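**Student:** The following block contains a protein sequence and its predicted model.
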Amino acid sequence: MAVLTTEAYDLSVRNQIAVERFKASTQKLIDPYLRNIDRYIRQRLSFSNISGYRRDQLENLLKSIAQFNTAQFKAFTKELQGEMVKFAQLESGFSVEALDAAIVGAYTAVKPTAAQLRQQINNR
């Protein structure tokens with residue numbers, strides 16, 4: 001029967017804490033972007049006389065809102081990918097420590113670089 005060592009248990013607890021922190025911070029990341037989008041749309045609509053708009057003017061307004069949304073999404077995606085790389089580095093470090101602690105001998109676990117992690121994240 002396998003016995004969980006104190007070191008392995010500590011590693012596991014620290015890893016779970018890191019996972020929970022990552023989840024909480026990721027949920028908070030999108031809030032400012034959604035607020036910016038909401039504020040932008042409200043400003044555009046409140047300063048415009050919608051009833052007097054012709055069809056092409058309304059389409060231009062919607063096009064500018066779509067462009068703003070795209071810019072906000074790109075900014076959010078960039079920040080989220082950065083957070084994902086940081087998290088992947090933490091997870092790979094945890095895995096390396098856990099494997100090195102579990103396998104004693106000629107085996108040495110190798111931690112991937114940030115560039116390798118970023119490439120794998122972007123490939124998904």
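**Tutor:** Yes, it's here.
**Student:** ok, which stretches of this protein are helices?
**Tutor:** Ranges of helices in the chain, per DSSP state H, are 6-46, 55-102, 114-122.
**Student:** For T108, find the nearest of those helices.
**Tutor:** Closest to T108 of those is helix 55-102 (C-beta to C-beta; 6.8 Å). No exception for glycine: its C-beta is placed from N, CA and C like everyone else's.
**Student:** any idea of the angle the closest one forms with helix 114-122?
**Tutor:** Calculated by axes from the mean of the first three to the mean of the last three C-alpha atoms, to 10 degrees, helix 55-102 forms an angle of 130 degrees with helix 114-122.
**Student:** Counting by contacts, list what helix 55-102 packs against.
**Tutor:** Applying 3 or more C-beta pairs under 8 Å, 6 or more residues apart in numbering; DSSP states H and E, we find helix 55-102 packed against helix 6-46, helix 114-122.
**Student:** mind checking which of the ones you listed is nearest V96?
**Tutor:** Closest among those, using C-beta to C-beta: helix 6-46, at 10.5 Å.
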